[in-house]
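>>> Fold the stuff below for me.
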Amino acid sequence: MRVYFDASIIIAALLSPKGGSSELLKFVKKGIIKGITSQTVIEEILEEDKPEKLKRSRDQIGQFIAKSGLLIRKSITAKEIESYKDMIDDEDAHLIAGANLTRCSYLVSLDKKHVLKLDIKKNFLPLRIVSPKELLEEILSR
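The predicted structure is shown next:
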């Protein structure tokens, strides 16, 4: 199972070691799922004010990501995003592009406002856009 991780999942795992996002990263470390993200997502996590808001240094965040077991693809280019721009919020188009470019069958996110909406989920089938809870339920039912 190849799963593309949004920044919201990585941040949630960093802040809550017992939550669903952390559970997913544990499955990545155990090799139960293949977790993938991109340098674009990492840069989003390390934006100017984020480390301060997360009460972690850029170094601590980098170490957390390095130990997570996630495979990190190079940054998503504007050209790679272009075909998705009219189908999802411009700032989130890189997620769909990244998931498709890395041949993931799932995109996991906590972004209910832009990514987890039903119409967005339908637009990008067969890519399954899910919350951590939905993905955990699916993994545990196998």
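>>> Tell me, how many residues neighbour the residue nearest to residue 96 when sequence neighbours are not counted?
Excluding its sequence neighbours, the residue lying closest to residue 96 (C-beta to C-beta, 6 or more residues apart in numbering) is residue 84, at 4.7 Å. Every C-beta, even on glycine, is put in place using the N, C-alpha and C of the backbone. Look at residue 84: counted by other C-beta atoms under 10 Å, it has 19 neighbours.
>>> for residue 84, what are its contacts?
The contact partners of residue 84, taken as C-beta atoms under 8 Å, 6 or more residues apart in numbering, are 93, 96, 97.
>>> Pretty sure the last one sits against residue 78.
No - between residue 97 and residue 78 there is no contact under C-beta atoms under 8 Å: 9.9 Å.
>>> After the worst-scoring helix or strand of the chain on mean pLDDT, which helix or strand is next? Please name it.
Least confident helix or strand of the chain, by mean pLDDT, DSSP states H and E, is helix 50-53 with a mean of 80. Using DSSP states H and E, the next helix or strand after helix 50-53 towards the C-terminus is helix 58-67.
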